[in-house]
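Novice: Give the three-dimensional model of this entry:
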Amino acid sequence: MNWFDQRRRAMTNPPHDYSKEYFTFEALEECVFSFPIDANYKNGNITSVSYSTDEGATWVTTNVSTSEATTITTPTIPQGSKVLWKGIATTYGDTTGETGADKTNTFESTGNFKIYGNITSLIFGDNFLNGGSLQSSHNFSCLFQSNTKLIDAKGLYLGATNTSNCYHYLFNGCTNLIYGPSILPATTLASSCYNNMFRGCTSLVNAPDLPATTLVNNCYQNMFYGCSSLTKLPKISATTLANYCYYGMFNNCSSLVTIPDNYLPITSLKEYCYSYMFQNCTSITSIPNGLLPATTLANGCYSNMFNGCKALTSLYSNLLPATSLAEYCYNDMFKGCSGLLDASNLVLAATTLTKGCYAEMFMSCTSLTKAPTLPASILPDSCYNYMFNGCTNLSYVKMLATDLSGQYCISYWLTNVSATGIFVKHPNATISSGGSGIPSGWTVQTATS
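Specialist: Below is the predicted model of the structure:
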């Protein structure tokens, strides 16, 4: 078949629709599947669980008692064979196993396997195509917690997201999961719905597309935390943010190298929405020009966003265009970016500051030699607190404040910097000597403009 025929065939044969299939496990090697259910947890949440080893022709059903623990165990499944699952339940979620210590209410396997089909057949049984909305929070929380035999979930269909925490920690600690679902199709989300979903999936190489346009509180929080093999960011479509929505989303994704242009186009932010988003992404070398166009900030919105991005070497001048700030908005934003060399071109446009707005912003940037100009004349509480602390090569600061009455406004901000350097100040400013003022070995100059 030539390239043209292959292309035509792909266009006329749409992708397989897994939403119409029972939730299915396929053995990649001979294995036994089991599902232990904690008696203390059930309390009527699960009425029955059934599995089929013959494509749904016959089913083995376990009616779940509320008085004792139950473990559902399949016979040995040959390589290449399937197990279909269905159930009648309100929820399977385990809210106690998020640390990995509790191994009840989670699927287990003795051999490698992949999953696909519609997960809601576990809730609605044979009626999963018309089952409607989920009813309880934590519906599928921790369902594959720490399962090191799960390899592939490309065909898993997760459509409903109408209850809080519904898929949070779903694949937490699945260290051999290589492929997640290709898309998470829901466009209406619920709070914390995907919170920590792929946390610690150190082999994951793909991140599902996220088509939702209106986000909700904590929806993607820590979603890919520690996915150290992930090299490409998922497609996101959000136009409206919410508090903590992207908080820690790619934290410790150490193989991420680039962030696409215009990846975060929204101009009005919410509290802590991007906080810790790329913390410890140690391979990111640059931040695209125009990545952060927001002009309406919120408390903590960028705090720790690039903390620990050690490969980052420079910043575009117009990276932070906002002229009105919010409390702690840039707190720790570039802390520990030890490869950052020169920030003098970065324009910090705001002249009216807020509490903690730049606190620890460049702390421990050990290669930084020049700081951005600090034009504000009045310093509120903690605004520059620890801002350049530990920048051991920093030797140039220009700060034009005349009112330093804010509590802790420059506390320890220039501690552990270069022994010699140049400090440029406003002619009317009185600033003490030392790490909470002007370093004692530095030359003081008066600004002329």
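Novice: Just after the helix or strand of the chain with the lowest mean pLDDT, pick out the following helix or strand.
Specialist: In the chain, the helix or strand scored least confidently by mean pLDDT, DSSP states H and E is helix 3-12, which has a mean of 48. For helix 3-12, the succeeding helix or strand toward the C-terminus, using DSSP states H and E, is strand 23-27.
Novice: Export that following strand to CSV, keeping only CA atoms.
Specialist: This file holds the C-alpha atoms of strand 23-27, laid out as CSV (Å, rounded to 0.1, in the frame of the first residue of the first chain):
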residue,chain,number,x,y,z
PHE,A,23,-13.9,-1.8,30.7
THR,A,24,-11.3,-4.3,29.6
PHE,A,25,-7.9,-5.8,30.7
GLU,A,26,-5.7,-7.5,28.1
ALA,A,27,-2.9,-9.7,29.4
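Novice: Run through who's touching it.
Specialist: 33, 77-86, 107, 109, 111-122 (C-beta atoms under 8 Å, 6 or more residues apart in numbering). Placement of C-beta: from N, CA and C, glycine included.
Novice: One more: stretch 380-387?
Specialist: Residues contacting stretch 380-387 (C-beta under 8 Å, 6+ apart): 353-363, 374, 376, 399, 406-413, 415.
Novice: Looking at Gly290 now. What's its pLDDT?
Specialist: On the pLDDT scale, Gly290 is placed at 93.
Novice: in what helix or strand does it lie?
Specialist: According to DSSP H and E, Gly290 maps onto no helix or strand at all.
Novice: what does Ile88 give?
Specialist: Assessed by DSSP H and E, Ile88 sits inside strand 82-89.
Novice: ok, back up a step: and the contacts of stretch 380-387, which are buried?
Specialist: Using 16 or more other C-beta atoms under 10 Å as the burial test, the contacts of stretch 380-387 include 353-363, 374, 376, 399, 406, 408-413, 415 as buried.
Novice: Tell me which of the residues you listed fall in helices.
Specialist: In helices, judged by DSSP state H, none of the buried ones among the contacts of stretch 380-387 are found.
Novice: Next, work out how far apart Ile284 and Ala322 are.
Specialist: 22 Å (C-beta to C-beta, to the nearest Å).
Novice: Thr202: neighbouring residues, count only.
Specialist: A total of 18 residues lie near Thr202 under the criterion other C-beta atoms under 10 Å.
Novice: what about it, distance to Asn196?
Specialist: Distance, Thr202 to Asn196, by C-beta to C-beta: 14 Å.
Novice: residues touching Pro293, list them.
Specialist: So Pro293 contacts Pro265, Ile266, Thr267, Pro321 (C-beta under 8 Å, 6+ apart).
Novice: what about it, which SS state?
Specialist: coil (DSSP: H, G, I helix; E, B strand; the rest coil).
Novice: ditto for Asp126
Specialist: With three-state DSSP as the basis, Asp126 sits in helix.
Novice: give me the low-pLDDT residue ranges for the protein?
Specialist: Counting by pLDDT under 70, the ranges of the chain that qualify are 1-14, 39-44, 66-67, 94-104, 449.
Novice: quick one: Phe140 and Asn165 touch, right?
Specialist: No: using C-beta atoms under 8 Å, Phe140 is not in contact with Asn165, being 9.3 Å away.
Novice: Overlap in contacts, those two.
Specialist: In contact with both Phe140 and Asn165: Gly93, using C-beta under 8 Å, 6+ apart.
Novice: and those two? which has more neighbours close in?
Specialist: Legend: neighbour count by other C-beta under 10 Å for Phe140 and Asn165, higher for Phe140 (26 against 23).
Novice: any chance you could map the helices in the chain?
Specialist: Listed in chain order, the helices of the chain (DSSP H) span residues 3-12, 39-42, 121-124.
Novice: contacting residues around the last one?
Specialist: Same thing as helix 121-124. Helix 121-124 is contacted from outside by 22-23, 49, 84-92, 128, 130-132, 134, 139-140, using C-beta under 8 Å, 6+ apart.
Novice: Got a quick PyMOL command for the buried subset of these?
Specialist: Buried residues among the contacts of helix 121-124 (16+ other C-beta under 10 Å), as a PyMOL selection:
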select buried, resi 22+23+49+84+85+86+87+88+89+91+92+128+134+139+140
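Novice: domain parsing for the protein?
Specialist: 1-196, 257-449 (automatic domain parsing).
Novice: As TSV, those with distance to Tyr220 would be great.
Specialist: Formatted as TSV, the domains of the chain follow (distance: least, C-beta to C-beta, whole Å):
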stretch	distance to Tyr220
domain 1-196	6
domain 257-449	9
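Novice: Provide a list of residues in contact with Cys281.
Specialist: Phe250, Asn251, Asn252, Cys253, Ser254, Leu256, Phe306, Gly308, Cys309.
Novice: So among the contacts of Pro293, which ones count as buried?
Specialist: Listed as buried from the contacts of Pro293 are Ile266; burial here means 16+ other C-beta under 10 Å.
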